[in-house]
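Peer 1: Next one to model:
(one chain, ligands or ions: 1)
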Amino acid sequence: MEDYKQPKPEWLKVRLRRDEQYYQTASIMQKHGLHTICVSGKCPNIKECWMAGTATFMILGDICTRACKFCNTQTGRPNPPDSEEPQRVAQAARSMQLNHVVVTSVDRDDLPDLGAEHWSKTIQALRKALPRATIEVLVPDFQGKTNLIGKVLEAKPDIVGHNVETVRRLTPKVRSRARYEVSLGVLEWINSRGFIAKSGLMLGLGETLDEVLETLHDLRIAGCSIVTLGQYLRPTPNHHPVAEYIRPEVFEELKAIALQMGFKTVESGPLVRSSYHADQQASKLTHL
Ligand code: SF4
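Peer 2: Below you'll find the predicted structure:
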């Protein structure tokens, strides 16, 4: 088991100095009163992404109804959705001149529609503000309710992601309320509706290589065409410990295997996160 204070291996150290663009991205988020998973998830790529003028918007507030053991987002009773948030996301994305917009949300098991309507309004507002941009959404499982996911899809995002996060065996230990099979079902349904389906998992939680390969296989069967693989990092001592730091060459090998399995795009590396280089993946795939 990892000691929380143990230094990270060299390949996980990010040595970048915040530049003016970083602070500009931060000030746009602040000005529009928006949340990002970059901050909320303590993402190690925040300097790189924000210095490149990109970020991942997190809608429906910053308090989640679930308490996954890997996630730094606060758990609790969220406020009602802010009806002006979709417009503010759209305004911020326009002022950032994004060609590719990535949006995610907290889980809203407290709402009758689990947040589907708010999702739909956000996509519509983005489409109106940035008609040429591609829109990628990373959605919760909506408790497997396809009518609610359908509401999100009606707004026509270009890429629809839903993360399995980990292998089947570790899902009950690591994710809260979510079920592996439900997530696969969500992805299968997204793909069956003609949308580009994307998923991702974190490595280093204690899974075996065989389990990773099984998960990749399950994702292909479900119709995923994009997959991301990254190293799990423990946000605080209260979160699930890191079982292992996976070496960069293993990520490279997994990338080659995933491509052989038929994924069209694979991002695999210690610092890879769902939305890392999402704009590059999108430009490769939105012509499909
Ligand atoms: S990888 Fe995603 S979550 Fe992390 S900083 Fe970049 S855009 Fe934000």
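
Peer 1: Buried ones in stretch 47-56, by neighbour count?
Peer 2: 47, 48, 49, 50, 51, 54, 55, 56 (16 or more other C-beta atoms under 10 Å). No exception for glycine: its C-beta is placed from N, CA and C like everyone else's.

Peer 1: In which helix or strand does the second one reside?
Peer 2: Residue 48 is located in helix 46-51, with elements delineated by DSSP states H and E.

Peer 1: Mind picking the one among the buried residues of stretch 47-56 that's closest to the ligand?
Peer 2: residue 49 (3.1 Å; C-beta to the nearest ligand atom).

Peer 1: residues touching that closest one, list them.
Peer 2: 38, 43, 55, 56, 275, 276 (C-beta atoms under 8 Å, 6 or more residues apart in numbering).

Peer 1: For the chain, name the helix or strand with the lowest mean pLDDT.
Peer 2: helix 278-285 (a mean of 80; mean pLDDT, DSSP states H and E).

Peer 1: and that one, does that touch the ligand?
Peer 2: No. Helix 278-285 is not in contact with the ligand by C-beta under 6 Å from any ligand atom; minimum separation 7.1 Å.

Peer 1: Go through that helix and flag the buried ones.
Peer 2: Using 16+ other C-beta under 10 Å as the test for burial, helix 278-285 gives 278, 279, 281, 282, 285.

Peer 1: okay if I get those as a markdown table plus distance to residue 84?
Peer 2: Formatted as a markdown table, those follow (distance: C-beta to C-beta, whole Å):
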| residue | distance to residue 84 |
| --- | --- |
| 278 | 25 |
| 279 | 26 |
| 281 | 30 |
| 282 | 27 |
| 285 | 32 |
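
Peer 1: Name the nearest of these relative to the ligand.
Peer 2: Closest to the ligand out of the buried residues of helix 278-285 is residue 278 (7.1 Å), distances taken as C-beta to the nearest ligand atom.

Peer 1: Surely the closest one and residue 134 touch.
Peer 2: No. Residue 278 is not in contact with residue 134 according to C-beta atoms under 8 Å; the separation is 9.3 Å.

Peer 1: Common neighbours of these two, please.
Peer 2: With C-beta under 8 Å, 6+ apart, residue 278 and residue 134 have common neighbours 100, 159.

Peer 1: Close to the ligand: what parts of this protein are there?
Peer 2: 37-38, 41, 43, 45-46, 49, 54-56, 273, 275-276.

Peer 1: where does the following helix or strand past the helix holding residue 48 sit relative to the chain's centre, distance-wise?
Peer 2: Next helix or strand after helix 46-51 toward the C-terminus (DSSP H and E): strand 56-59. Here strand 56-59 is found 10 Å from its chain centre; the criterion is C-alpha atoms, centre = their mean, to the nearest Å.

Peer 1: ok, residues contacting strand 56-59?
Peer 2: 34-38, 40, 49, 73, 85-86, 89, 92-93, 101-106, 115, 118-119, 122, 138, 274-275, 278.

Peer 1: give me that answer again for 7 Å
Peer 2: Applying C-beta atoms under 7 Å, 6 or more residues apart in numbering, the contact partners of strand 56-59 are 34-38, 40, 85, 89, 102-106, 118, 122, 275.

Peer 1: partners of it in the sheet?
Peer 2: strand 35-36 (antiparallel), strand 100-105 (parallel) (DSSP bridges).

Peer 1: Need the ones you listed in TSV (columns: mean neighbour count and mean pLDDT).
Peer 2: Shown next, in TSV, are those (neighbours: other C-beta atoms under 10 Å; pLDDT from 0 to 100):
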stretch	mean neighbour count	mean pLDDT
strand 35-36	22	97
strand 100-105	25	97
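
Peer 1: Turn those strands into TSV, including distance to residue 251.
Peer 2: Formatted as TSV, those follow (distance: least, C-beta to C-beta, whole Å):
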stretch	distance to residue 251
strand 35-36	25
strand 100-105	21
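
Peer 1: Between strand 100-105 and the host helix or strand of residue 87, find me the angle.
Peer 2: Following DSSP H and E, one finds residue 87 within helix 85-95. Counting by axes from the mean of the first three to the mean of the last three C-alpha atoms, to 10 degrees, helix 85-95 lies at 150 degrees to strand 100-105.
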